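Visitor: Fold the following, please.
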Amino acid sequence: MDPFQQSSLLMTRRHFFGRNAAGIGTAALAFLLGKDLLADETTAQHPAIKPAEGGLPGLPHFAPKAKRVIWLFQSGGPSQMELFDYKPRLAELRGTDLPDSIRKGQRLTGMTASQDRFPVVSSIYKFAQHGRSGAWVSELMPYTAKVVDELCFIKSMHTEAINHDPAITFFQTGAQIAGRPSIGAWLAYGLGSENKDLPAFVVMITQGGGDQPLYDRLWGSGFLPSKYQGVKFRSVGDPVLYLSNPPGFDSSLRRQYLDTLGQLDHMKLQEFGDPEIATRIAQYEMAFRMQSSVPELTDLSKEPEHVFKLYGEDAKKPGTFVANCLLARRLAERGVRFIQLFHRGWDQHGKLPRDTALIQDLKALGMLDDTLVVWGGEFGRTVYCQGRLTEDDYGRDHHPRCFTMWMAGGGIKPGIIHGETDDYSYNVTKDPVHVHDLHATILHCLGIDHTRLTFKYQGRHFRLTDVSGNVVNKILG
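Guide: Numbering: from 1, shown residues only. Take a look at the predicted model:
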């Protein structure tokens, strides 16, 4: 259905409720949920599937394996050779030039284009095999090594983007150029929320080393209505801006204020039919309910001590990555559809020699089966050294041709390795997985046919995977 047509129908519904003395707050809530507006075909097709609040009619397209996604995005480009893609031959090739037959004229960044040579460098970190799957993991990831049999390693990821911002934008929106809806916004639009008191899409950011920027548009709604954009939780002060009432302004006054403001917005909505006015009404109502739901969510005092032993003492410190992982689990428990944790600091051009409790926690709570967890960055790193290679120091440039990500839970086969790379970890040699393929697979786990989740904008039906993407069936459980 055309979004404006849907908005008009919803205005009629709101008008009906407004005339029946239910109050503008009830009317706004009815607009936000909209669950009785159209018959939900999904309930008839799959009776076991509980209808979501505010999702599109007919979604999910088929019975999903996952109800929600937690994406641990490692911003900056983790080096696959230092973490998961073990290449023992590189030790004997150290210092030799990368053969032209391997590089194949790959586009270079401005940081290495002027180099006279491209010396191969092996990782200085030790690798070992772990679990029944025998997955190779470096000593840098001792906790990940403990849960390899729950993970599916994809060693054949590849992308076209070679610089950070377009590469991160590509992973978040399916396009290298800014302006498209983020994957979380697509899911909020298509599937709605399982909890009327919390946003469908939440974002949290932590800072490692480096200062690679992240922009709010990365979790934006693009051309979708803005109510589908991600809500960023902060680590200092109110988790969400303006959540607390100002001094001398209690909840009852805030309720009266919102009702009066809602009446004015409702009049403008009837006059102009602008979907963004409807979004404003819905978001004010959401903010009012979040005054109760968010403090309870972020209060970790009732978590048992064994949970903090699992995550570590840093889980008690707001703003740390592990604290956000624990919050992600609590958000998932409460039905938030898409939770994204950005962790900056993986931009390792030089001085390279210097999260998995979540998986164990989800499994212990019986939530891993229907929670899809994704870990990875925007691209990998080159086998050749950027800058001067010394005995104890080296750097690596951006490398989009092959890199490693992992997935777990939510319909993904555990304890497997998908894809292979050559001896230089430079080219994919088996089972390549593109960014669009990853997106198509994530949507599939949530019961969505990626070719059918579309939105008409400027005369074209857009989708997250653009005109490409194939579900990676080999990794599905």
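
Visitor: can you count the residues close to the closest residue to residue 219 other than its chain neighbours?
Guide: Closest residue in space to residue 219, ignoring its immediate chain neighbours: residue 230 at 3.2 Å, by C-beta to C-beta, 6 or more residues apart in numbering. (C-beta placed from N, C-alpha, C; glycine too.) As a burial measure, residue 230 scores 25 neighbours (other C-beta atoms under 10 Å).

Visitor: and what of residue 294?
Guide: When neighbours are counted by other C-beta under 10 Å, residue 294 registers 21.

Visitor: That one contacts residue 234, doesn't it?
Guide: No - the pair residue 294 and residue 234 does not pass the contact test of C-beta atoms under 8 Å, sitting 10.9 Å apart.

Visitor: Now list whatever residues contact both of these two.
Guide: Common neighbours of residue 294 and residue 234, counting by C-beta atoms under 8 Å, 6 or more residues apart in numbering, are residue 240.

Visitor: where exactly do the strands run in the stretch 1-150 of the chain?
Guide: For the stretch 1-150 of the chain, the strands defined by DSSP state E, counting those that start in this stretch cover 68-75, 127-130, 135-138.

Visitor: Out of the ones you listed, which is the most enclosed?
Guide: Scoring those by mean neighbour count under mean count of other C-beta atoms under 10 Å gives strand 68-75 as the most buried, with a mean of 24.

Visitor: Give me the helices and strands touching that strand, please.
Guide: helix 164-173, helix 321-333, strand 338-344, strand 371-376 (3 or more C-beta pairs under 8 Å, 6 or more residues apart in numbering; DSSP states H and E).

Visitor: Which secondary structure elements does the shortest one sit against?
Guide: The reference is to strand 371-376. Using 3+ C-beta pairs under 8 Å, 6+ apart: strand 371-376 touches strand 68-75, helix 357-364, strand 403-408, helix 435-445.

Visitor: ranges for the helices of the stretch 251-400 of the chain?
Guide: Applying DSSP state H, counting those that start in this stretch to the stretch 251-400 of the chain gives helices spanning 251-272, 275-298, 305-311, 321-333, 357-364.

Visitor: So which bits of the shortest one are buried?
Guide: Same thing as helix 305-311. 307, 308, 310, 311 (16 or more other C-beta atoms under 10 Å).

Visitor: Let me have the residues you listed in TSV, extended by pLDDT and distance to residue 434.
Guide: What follows is these, written out as TSV (pLDDT from 0 to 100; distance: C-beta to C-beta, whole Å):
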residue	pLDDT	distance to residue 434
307	95	37
308	94	39
310	94	35
311	94	33
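
Visitor: Listing request: residues of this protein with sub-threshold pLDDT.
Guide: Where the chain drops to pLDDT under 70, the residues are 1-53, 209-211, 347-355.

Visitor: try it again with 80
Guide: Residues of the chain that meet the criterion pLDDT under 80 lie in 1-54, 208-212, 235-237, 241-243, 347-356.

Visitor: hang on, the earlier thing: minimum distance to residue 150: which of the helices and strands packed on strand 68-75 has it?
Guide: strand 371-376 (9.0 Å; C-beta to C-beta).

Visitor: Each with direction, which strands does that closest one pair with?
Guide: strand 68-75 (parallel), strand 403-408 (antiparallel) (DSSP bridges).

Visitor: Dump those strands into JSON lines; add distance to residue 446 as well.
Guide: Listed next are the strands paired with strand 371-376 as JSON lines, based on distance: least, C-beta to C-beta, whole Å:
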{"stretch": "strand 68-75", "distance to residue 446": "7"}
{"stretch": "strand 403-408", "distance to residue 446": "13"}
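
Visitor: Which among these is found nearest to residue 289?
Guide: With C-beta to C-beta as the yardstick, what comes closest out of the strands paired with strand 371-376 is strand 68-75 (19.3 Å).

Visitor: what distance separates the closest one from the middle of the whole chain?
Guide: Centre-to-centre, strand 68-75 and its host chain are 4 Å apart (C-alpha atoms, centre = their mean, to the nearest Å).

Visitor: Could you point out which of the strands paired with strand 371-376 sits nearest residue 438?
Guide: Nearest of the strands paired with strand 371-376 (C-beta to C-beta): strand 403-408, 7.4 Å.

Visitor: Dump that closest one to CSV, keeping only the CA atoms.
Guide: Extracted as CSV, the C-alpha positions of strand 403-408 are listed here (Å, rounded to 0.1, in the frame of the first residue of the first chain):
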residue,chain,number,x,y,z
PHE,A,403,37.7,-10.7,5.0
THR,A,404,36.1,-12.7,7.8
MET,A,405,32.9,-12.2,9.7
TRP,A,406,31.0,-14.5,12.0
MET,A,407,27.3,-15.2,12.7
ALA,A,408,25.6,-17.2,15.4
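
Visitor: Now do that strand against helix 164-173, angle only.
Guide: Calculated by axes from the mean of the first three to the mean of the last three C-alpha atoms, to 10 degrees, strand 403-408 forms an angle of 30 degrees with helix 164-173.

Visitor: what residues does strand 403-408 touch?
Guide: Identification of contacts with strand 403-408 by C-beta under 8 Å, 6+ apart yields 77-78, 80, 83-85, 147, 150-155, 157-158, 359, 368, 372-377, 379-381, 414, 438, 475.

Visitor: quick revisit: for residue 316, find the nearest of the strands of the stretch 1-150 of the chain.
Guide: Per C-beta to C-beta, nearest to residue 316 of the strands of the stretch 1-150 of the chain: strand 68-75, 19.8 Å.

Visitor: Is it correct that residue 66 is in contact with residue 411?
Guide: Yes - with contact defined as C-beta under 8 Å, residue 66 counts as touching residue 411 (5.6 Å).

Visitor: ok, the residue nearest to residue 452 when sequence neighbours are not counted - contacts?
Guide: Nearest non-adjacent residue to residue 452, counting by C-beta to C-beta, 6+ apart: residue 61, 6.2 Å away. Counting by C-beta under 8 Å, 6+ apart, residue 61 touches 447, 448, 449, 452.

Visitor: how close does the closest residue to residue 411 other than its chain neighbours sit to residue 410?
Guide: Excluding the flanking residues, the one nearest residue 411 by C-beta to C-beta, 6+ apart is residue 65, at 2.8 Å. Noted for residue 65: a distance of 6 Å to residue 410, by C-beta to C-beta, to the nearest Å.

Visitor: These two: which has the busier surroundings?
Guide: Between residue 65 and residue 410, residue 410 has the larger neighbour count (other C-beta under 10 Å), namely 25 against 18.

Visitor: so who does the more buried one touch?
Guide: 65-69, 368-373, 445-446.

Visitor: tell me which element it falls in.
Guide: Assessed by DSSP states H and E, residue 410 sits outside every helix and strand.
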